[in-house]
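Asker: No letters, just coordinates:
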């Protein structure tokens with residue numbers, strides 16, 4: 001550069017600034033248009049997923065109710081209607097979460113991983129191969145940690161404890177729904193005999209007294 005004159009140095013400076021701007025434009029372009037495109041696609045995905053999810057849950061609710069209505073009369077002696085309504089609401093709400101948003105999120109992350117991997121190979125396969133050398137080790141370490149943690153939790157009885165607590169929670173909500181339905185349908189009788197505090201204690205005991 002010592003043989004360059006003033007004009008050449010100015011041009012070199014401008015060219016360097018232009019190169020820096022070009023380098024900044026690439027990630028800025030990816031960030032701007034990536035967020036814009038992602039927002040539009042995400043909006044459409046949520047709308048379509050919500051529509052499919054609502055239709056599926058409506059059909060499942062209808063089949064669930066139809067199955068309950070066609071049970072033998074003895075089934076109603078063993079299962080109270082309030083318990084049935086509460087369990088149906090809680091179970092279907094969890095099912096709704098499982099078949100709706102989580103499916104879309106799973107597809108989103110899997111597609112993003114493979115698309116990013118393909119783009120990395122297209123743009124610079126040498127650097128991508130170097131970076132991928134640590135991928136098997138990372139996956140093996142994560143699998144080993146997950147396997148060891150799962151065995152540790154099972155050994156401590158955490159898995160069985162979680163299942164028992166979940167079942168206990170559903171049973172408590174079902175019985176509480178039965179009590180609430182019974183009290184609200186006979187509110188005049190409860191008030192006439194001054195049983196408000198007693199009914200509140202019955203309801204609260206299901207969540208606190210059984211713990």
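Answerer: Here it is on my side, so go on. Treat the numbers as computed from the prediction; the structure is a model and nothing was measured.
Asker: Helices of this protein, start to end?
Answerer: Residue ranges of the helices in the chain, as given by DSSP state H, are 6-69, 73-78, 81-99, 101-132, 135-155, 158-185, 187-192, 196-208.
Asker: okay, these in CSV with mean neighbour count and mean pLDDT next?
Answerer: All C-beta spots, glycine's among them, are computed from the backbone N, C-alpha and C. Putting the helices of the chain into CSV (neighbours: other CB atoms under 10 Å; pLDDT from 0 to 100) gives the following:
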stretch, mean neighbour count, mean pLDDT
helix 6-69, 11, 77
helix 73-78, 9, 70
helix 81-99, 15, 69
helix 101-132, 12, 83
helix 135-155, 10, 70
helix 158-185, 14, 68
helix 187-192, 11, 79
helix 196-208, 13, 77
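Asker: how close does the residue minimising distance to the centre of the chain get to residue 91?
Answerer: By CA atoms, centre = their mean, the chain has its centre lying nearest to residue 102, at 4.6 Å. With distances taken as CB to CB, to the nearest Å, residue 102 is found 16 Å from residue 91.
Asker: and if you look at residue 70?
Answerer: Taken as CB to CB, the spacing of residue 70 relative to residue 91 amounts to 19 Å.
Asker: Same question for residue 120.
Answerer: Distance from residue 120 to residue 91, by CB to CB: 43 Å.
Asker: go on, residue 5?
Answerer: From residue 5 across to residue 91, the span is 81 Å (CB to CB).
Asker: Residue 195 now?
Answerer: As it turns out, when the distance is counted by CB to CB, residue 195 lies 31 Å from residue 91.
Asker: And residue 33, by the same measure?
Answerer: Remark: distance between residue 33 and residue 91 (CB to CB) = 42 Å.
Asker: Then residue 141?
Answerer: Residue 141 sits 37 Å away from residue 91, going by CB to CB.
Asker: again, but for residue 133
Answerer: As for residue 133, its distance to residue 91 is 46 Å (criterion: CB to CB).
Asker: for residue 186, same thing?
Answerer: For residue 186, the distance to residue 91 (CB to CB) stands at 27 Å.
Asker: Ok, residue 172 next?
Answerer: Applying CB to CB to residue 172 and residue 91 gives a distance of 14 Å.
Asker: what does residue 27 give?
Answerer: Distance from residue 27 to residue 91, counting by CB to CB: 46 Å.
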